[in-house]
Structures are given as C-alpha cells and as structure tokens.
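test case, fold it:
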Amino acid sequence: MEIMEIVKFYKLGGWFMHPILFVFAAGLAIALERFFYLVKTNRATNKMWSQLAPMFKANDLQRVLKLVENLNTPLAMVLGYGLAKHSANKKREVVESAMQEGMMDAMPDLVKRTHYLSTFANIATLLGLLGTIVGLIQAFTAVSTAEASEKANLLSASISVAMNTTAFGLIAAIPLLLIHSYLVTKTAKIVDNLEKAALKALNLMIRD
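Got it, this is the predicted structure:
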C-alpha cells in the first residue's frame with residue numbers, strides 16, 4: 001500500500017481504529033524495551049562469566065565476591081546468593097538451594113511485561129471484531145431507511161468499511177504474537193545460560 005492508501009484505509013475504519021493503533025503502539029514500545037534489555041542482559045552474562053571463570057578455577061572466591069557485589073545483573077544475583085551461603089556452610093545442597101533462590105529472585109526482571117504482548121494481540125483482534133460488528137449494525141440500520149435502489153450499493157460499501165477494523169486488528173495482532181514468541185524464546189535461552197553458569201560455578205566452588 002502507498003501512504004495515501006494506508007491513510008484512506010485507516011480513516012474508513014472508523015473510530016475503532018484509534019484504540020487498535022494505541023494497543024499496537026503500546027505493544028511495540030514494550031517489545032523494544034524488552035528486546036534491548038534481554039540483549040544487554042545476555043551480553044552482560046557472557047562477559048561476566050568470562051571474567052569469573054578463571055577466578056573460580058583459581059579458587060579465588062574473594063575476588064569473585066567483590067566483582068559480584070559491584071555488578072547488578074541476574075548472574076551476579078544468583079552467584080551472590082550462593083557465595084553468601086558458601087561462606088557460612090560449604091555443603092553443596094545448601095549453596096545450590098541458595099542459588100535457586102537467587103534464580104527465582106532474578107526471574108521477574110527477565111519476564112516482566114513480556115506477557116502483555118499476547119494480551120495486547122488478543123485485545124487488538126477483539127477490538128477489530130467489535131468494530132466490524134458495530135459497523136455492520138450501523139450499516140443495516142442505515143439501509144433500512146434507504147431507497148430500494150440504493151440499498152445494495154449502500155450495504156456493500158458499509159460492509160467494506162466495517163471489515164477494515166477486523167483487518168487492522170489482525171495487522172496489529174499478528175506481529176505482536178510473533179514478537180511475543182521470539183522474546184519468550186530469547187528469555188528461555190538466557191535462563192538456560194544462567195543455570196549453566198550457576199552449575200559450573202557450583203561445581204568449582206564445591207570440589208570433592
């Protein structure tokens with residue numbers, strides 16, 4: 001579609017197009033924020049582990065603790081919980097339990113707001129359908145008072161306009177669902193990386 005055709009399409013859809021556009025814009029804003037956060041977190045996790053791995057292998061836990069305390073990342077939180085328990089009790093199950101607690105505390109920051117994307121996609125679809133239904137009701141009401149010769153053309157034009165809201169609702173919903181799926185997958189990969197790093201750290205901290 002050209003720009004003018006898109007503008008015409010939007011105007012013909014009626015006022016239901018406005019809330020659909022708002023929902024779509026809000027979803028895109030959340031998607032961008034989550035994407036950049038997850039990319040930043042993934043890079044920080046990889047960089048941090050590359051710094052910590054030699055320290056763990058050298059059993060230099062004091063340097064590890066100092067680095068962890070100065071960083072604000074999910075991996076730093078998980079390892080911080082484990083190191084705090086390790087200093088008081090070096091049993092593997094105790095340290096592992098502490099790291100699991102740290103993982104649970106880190107998870108909300110990784111997944112927050114992502115679920116809104118699927119909700120917004122559903123809302124956009126439902127708004128499109130509602131707009132179409134309202135448009136059809138108005139169309140049949142208008143046709144009932146029109147001349148017989150004009151009814152067919154008037155009904156056809158009105159239905160075409162009403163269907164624009166359904167189309168726009170789907171145009172908004174489909175990308176939001178795809179982005180939601182992508183972000184969920186990316187989050188799962190980051191969680192896997194955190195768990196792998198925590199397990200490696202645990203094995204290096206507790207050496208039989």
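
this structure: helices as residue ranges?
3-12, 17-57, 61-69, 74-88, 92-111, 115-144, 148-205 (DSSP state H).

export those helices to CSV and tack on mean neighbour count and mean pLDDT?
Every residue, glycine included, has its C-beta placed from N, CA and C. Listed next are the helices of the chain as CSV, based on neighbours: other CB atoms under 10 Å; pLDDT from 0 to 100:
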stretch, mean neighbour count, mean pLDDT
helix 3-12, 12, 68
helix 17-57, 16, 92
helix 61-69, 16, 85
helix 74-88, 21, 83
helix 92-111, 16, 88
helix 115-144, 18, 85
helix 148-205, 17, 85
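
give the contact list for residue 65.
When contacts are counted by CB atoms under 8 Å, 6 or more residues apart in numbering, residue 65 touches 80, 83.

got it, and residue 125?
169-170, 173.

if you set the cut-off to 10 Å instead, what comes out?
20, 23, 166, 169-170, 172-174, 176-177 (CB atoms under 10 Å, 6 or more residues apart in numbering).

and if you look at residue 55?
So residue 55 contacts 61-67, 201, 204 (CB under 10 Å, 6+ apart).

related to what we said a few turns ago, and of the contacts of residue 125, the nearest to residue 30?
Set against residue 30, the nearest of the contacts of residue 125 by CB to CB is residue 176 (9.2 Å).
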